[in-house]
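[1] Generate a structure from the sequence data that follows.
(2 chains)
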Amino acid sequence: GNSVTQMEGPVTLSEEAFLTINCTYTATGYPSLFWYVQYPGEGLQLLLKATKADDKGSNKGFEATYRKETTSFHLEKGSVQVSDSAVYFCALTEAGYSTLTFGKGTMLLVSP
Amino acid sequence: DTAVSQTPKYLVTQMGNDKSIKCEQNLGHDTMYWYKQDSKKFLKIMFSYNNKELIINETVPNRFSPKSPDKAHLNLHINSLELGDSAVYFCASSLRQPTDTQYFGPGTRLTVL
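    Residues are numbered from 1 along each chain as shown, chains lettered A, B, ... in the order given. So this is what the prediction gives:
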């Protein structure tokens, strides 16, 4: 079956530091890949997505590239802010199915 | 102009009770979902409905019964609540394609005492 593996958190950074959150996946077909973010006390919202190999998704300074050869979709940001503190979820949908399979989430804590 | 709304936001109840959570979306989407988030933040799909028809039921106890009266609503009824049902339940909606973005509601925190 499908699965998503994310690095364990929490990830603790100082403001303006570089962020990488690793995500790898297992899927039988050609999945679409997503990063969702959950701010404290809120629901999830889409951060970015990529639907085919070598696509790069980007939003709010975050980027992730769909790497089929390494089955990865790592999230990066060049300079984090305190307001980026949240839980980040990597997820996939498989061709023909719209339900999301999530990783376990990675909490990011950014201090001033 | 809330896109996906859920009620109630918090639900505290005793073991053995029956409760319902309501979900409505005003995005005109065909597909709606229920996800469960446990205390460790792990999210798992429970149900998926497309145009009021059940598409996916992921090994959820039959004490959980979703009901979709129309495309814009997907309610979750839970019978005989157990301690292990305590979690945050999220409703979501999307168009039908796997590439489409899912829009999530704010969540309902269920606590079973």
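[2] Sheet partners, orientation included, of the one helix or strand in chain B whose mean pLDDT sits lowest?
    Sorted by mean pLDDT, DSSP states H and E, the helices and strands of chain B end with strand B:53-57, the least confident at a mean of 78. In its sheet, strand B:53-57 lies beside strand B:43-50 (antiparallel), with partners assigned from DSSP bridges.
[3] Against A:A17, how distant is A:V11?
    For A:V11, the distance to A:A17 (Cβ to Cβ, to the nearest Å) stands at 10 Å. From N, CA and C alone the C-beta is placed, and that goes for glycine too.
[4] got it, and B:F47?
    40 Å.
[5] of A:V11 and A:A17, who's got more company?
    The residue with more neighbours, out of A:V11 and A:A17 and counting by other Cβ atoms under 10 Å in any protein chain shown, is A:V11; that gives 17 against 14.
[6] Surely B:G84 forms part of a helix?
    Yes. B:G84: assigned to a helix according to DSSP: H, G, I helix; E, B strand; the rest coil.
[7] residues in contact with it?
    Taking Cβ atoms under 8 Å, 6 or more residues apart in numbering or on different chains as the definition of contact, the neighbours of B:G84 are B:V112.
[8] bridging residues for the most centrally placed residue in chain B?
    The residue at the geometric middle of chain B, judged as the C-alpha nearest the mean C-alpha position with Cα atoms, centre = their mean, is B:W34 (3.1 Å). The residues listed as beta-bridge partners of B:W34 by DSSP bridges are B:F47, B:C91.
[9] I'd guessed it sits against B:H77; true?
    No. In this structure, B:W34 sits apart from B:H77 without contact. The criterion is Cβ atoms under 8 Å, and the distance is 10.9 Å.
[10] which other helices and strands contact the helix or strand that A:E76 is a member of?
    Using DSSP states H and E, the secondary-structure element containing A:E76 is strand A:75-77. In terms of contact count using 3 or more Cβ pairs under 8 Å, 6 or more residues apart in numbering or on different chains; DSSP states H and E, strand A:75-77 is assigned the packing partners strand A:19-21, strand A:62-65.
[11] ok, then the element right after it?
    Proceeding C-terminally, strand A:75-77 gives way to strand A:86-93 as the next helix or strand, assigned by DSSP H and E.
[12] just how off-centre is that following strand within its chain?
    5 Å (Cα atoms, centre = their mean, to the nearest Å).
[13] Parallel or antiparallel, which strands does whichever helix or strand comes after that strand pair with?
    Counting by DSSP H and E, the next helix or strand C-terminal to strand A:86-93 is strand A:101-102. Strands that pair with strand A:101-102, judged by DSSP bridges, come out as strand A:86-93 (antiparallel).
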